[in-house]
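Visitor: need a 3D model of the following:
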Amino acid sequence: MDPSGGCPHADNARLLAEGAVAPVILPGEIDGMVVLGHDALRDFLSHPDVAKGPQHFTALTEGRIPDGWPLRTFATVPGMMTADGADHRRLRTLVSSAFTARRVEELRPRVEAVAAGLLDDLADAAGAGDGVADLRRHYALPLPLGVICELLGVDPVHQDRLHRLSGLIVATDTEPAQAVAANREMVELLASIAGDKATAPGDDLTSALIAARDEDGDRLGEAELIGTVLLLIIAGHETTLNLVTNAVRALCAHRDQLALVIEGRATWADVVEETLRWNSPVSYFPFRYPTRDLTVDGTLVPRGTPVLAGYSAAGRDTKAHGPDADRFDLTRTATVKHLSLGHGAHYCLGAPLARMEATLALEALFTRFPDLDLAVPESELPRHTGFVGNSVRALPVRLGG
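Guide: Next up, the predicted model:
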């Protein structure tokens, strides 16, 4: 795996032509595997002999994963992402009430108001920048980051720092010393935020988690509290950030598809779902481990192997999505559901919120700026750092009109 990332689709197509599962070398010369085929990935994600707990990661338990390994946080952070069975259900239950369909719908007016304000900021940035503004920085990022921080009761003053640290933590090319420092700083910052909430609780999710910890320590340990807030902040904005960015790129490159939405022959929700399939915001997500030697689509995956979920590959698997799977098409008749938000017990808890935020963001953006277009060719956009996230680091656009 190339730690610096890049567009995954050419490599995915090459690997898929050879099979649904492929061996990979992770940073630090760690042997791993990636499941790329849609059907194989769907089955693997829900297999009873596949786990998330770090005790199942052979190289980790053997002491071969140093503290500065760029993917270590994915494997070891306490919380839902590294829990199985009853522990996973306990942690998920503690936060699930914040992401129900009813709760998400209650957030709609707030998201609409935030989006409107950010579009003003985007217009101001374009006016000050010779008609060009970075849509990712001024719109796609602050919308989901602001919403998740508001849900958690995190002061807006921390947002820039949280995003910077999140980027270092999820990148796969972060230098060891920098990775250690970023994780330490993130934990210290979140512990400080939690400490403030313990002293002066509010009507927010962090306060609710602290109350659960204090009422019954068996429900949520201190490390799990910090790990849960860390997961919610990173997953709660990075995925939607990439989703909105990728959707805007897709619509600018496929003006005929944008016209379908403008003319009412497709919906903004269709744009979100097709973007999730066609250019998943997460490319290769770490980690799952077979708890026994497992054969996946004819390929042996040894017990304890760190396995990446190849969401960007599964979305363009022609065996699942047809011979034109690499075409962005809002009128596509889906025969199978994409997997870009996961599958099984670890299906993305924030999926309803991500879908709502992205749908509203796109509708508001193109309603106000229907002639918006990229300011540079797609090929010149700087790619996302690392092979976990799948997007670009900047999206310069001209608003038009």
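Visitor: end-to-end on stretch 33-51?
Guide: Distance between the boundary residues of stretch 33-51 (CA to CA, to the nearest Å) amounts to 15 Å.
Visitor: quick one: mean pLDDT for that stretch?
Guide: The average pLDDT within stretch 33-51 is 98.
Visitor: do you know how far the closest residue to Leu220 other than its chain neighbours is from Arg103?
Guide: Excluding its sequence neighbours, the residue lying closest to Leu220 (CB to CB, 6 or more residues apart in numbering) is Arg213, at 4.3 Å. The C-beta positions use only the backbone N, C-alpha and C, and glycine is treated the same way. Taking CB to CB, to the nearest Å as the measure, Arg213 falls 21 Å from Arg103.
Visitor: what's the answer for His158, then?
Guide: 23 Å.
Visitor: by contact count, what packs against the helix or strand of the chain with the lowest mean pLDDT?
Guide: Across the helices and strands of the chain, mean pLDDT, DSSP states H and E gives its lowest value to helix 205-215, namely a mean of 84. Helices and strands touching helix 205-215, by 3 or more CB pairs under 8 Å, 6 or more residues apart in numbering; DSSP states H and E, are helix 85-96, helix 142-152, helix 176-199, helix 222-253.
Visitor: next, the buried residues of the longest one.
Guide: By neighbour count, with 16 or more other CB atoms under 10 Å as the criterion, the buried positions of helix 222-253 are 224-252.
Visitor: quick one, phi/psi of Leu374?
Guide: Main-chain dihedrals, Leu374, degrees, to the nearest 10: phi -60, psi 140.
Visitor: so what's it scoring on pLDDT?
Guide: At Leu374, the model reports a pLDDT of 97.
Visitor: apart from its chain neighbours, what residue comes closest to it?
Guide: In space, Leu374 is closest to Cys252, 4.9 Å off (CB to CB, 6+ apart).
Visitor: report the contact partners of Leu91.
Guide: When the contact criterion is CB atoms under 8 Å, 6 or more residues apart in numbering, the partners of Leu91 are Gly79, Met80, Ala83, Leu220, Glu224, Thr228.
Visitor: so can I have a markdown table of these showing pLDDT and distance to Thr333?
Guide: A markdown table is the format used below for these (pLDDT from 0 to 100; distance: CB to CB, whole Å):
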| residue | pLDDT | distance to Thr333 |
| --- | --- | --- |
| Gly79 | 92 | 38 |
| Met80 | 93 | 34 |
| Ala83 | 96 | 37 |
| Leu220 | 78 | 44 |
| Glu224 | 90 | 43 |
| Thr228 | 93 | 39 |
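Visitor: and of those, the nearest to Ser280?
Guide: Met80 (20.3 Å; CB to CB).
Visitor: helices of the stretch 251-400 of the chain, start to end?
Guide: For the stretch 251-400 of the chain, helices defined by DSSP state H, counting those that start in this stretch occupy the ranges 255-262, 268-278, 311-314, 318-321, 351-368.
Visitor: and the residue lying closest to Gln257 once chain neighbours are set aside, how close does it get to Leu258?
Guide: Sequence neighbours aside, Leu330 is the residue nearest to Gln257 in space, at 5.0 Å (criterion: CB to CB, 6+ apart). Applying CB to CB, one obtains 9 Å for the distance of Leu330 from Leu258.
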